[in-house]
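Colleague: this is the structure alone, sequence omitted:
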């Protein structure tokens, strides 16, 4: 179970969409989450990796070395 608070303007848009289409607000909230959760996960994981790199806790390797390591170098 999940309860979320939305700005009133978004809540009204969601209600209007649900009313016009005969679907529930829950349906559209679930669809929006499913559509965007992978992008959000990628974003936050990338931000965490960037912070670790900037702080020196994680290192990077040059692209040519990565390609060589995986047998992709010409």
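Modeller: Good, I have the coordinates. Here the structure is a predicted model, which is why all the values come from computation and not from measurement.
Colleague: residue 12: helix or strand, and which one exactly?
Modeller: helix 8-21 (DSSP states H and E).
Colleague: so which bits of that helix are buried?
Modeller: Within helix 8-21, the residues that qualify as buried are 14, 18, counting by 16 or more other CB atoms under 10 Å. Yep, even glycine has a C-beta here, placed from its N, CA and C like the rest.
Colleague: for that helix, the averaged confidence score.
Modeller: Mean pLDDT, computed over helix 8-21, is 97.
Colleague: can you list the buried residues in the helix or strand that that helix is followed by?
Modeller: Helices and strands here follow DSSP H and E; after helix 8-21, the next one along the chain is helix 25-54. In terms of neighbour count (16+ other CB under 10 Å), helix 25-54 has its buried residues at residue 28.
Colleague: check the offset of helix 25-54 from the chain's centre.
Modeller: When C-alpha coordinates are averaged (CA atoms, centre = their mean, to the nearest Å), helix 25-54 and its chain have centres 2 Å apart.
Colleague: what is the mean pLDDT for that helix?
Modeller: In this model, helix 25-54 has a mean pLDDT of 96.
Colleague: what sits up against the helix holding residue 12?
Modeller: 6, 23-25, 27-29 (CB atoms under 8 Å, 6 or more residues apart in numbering).
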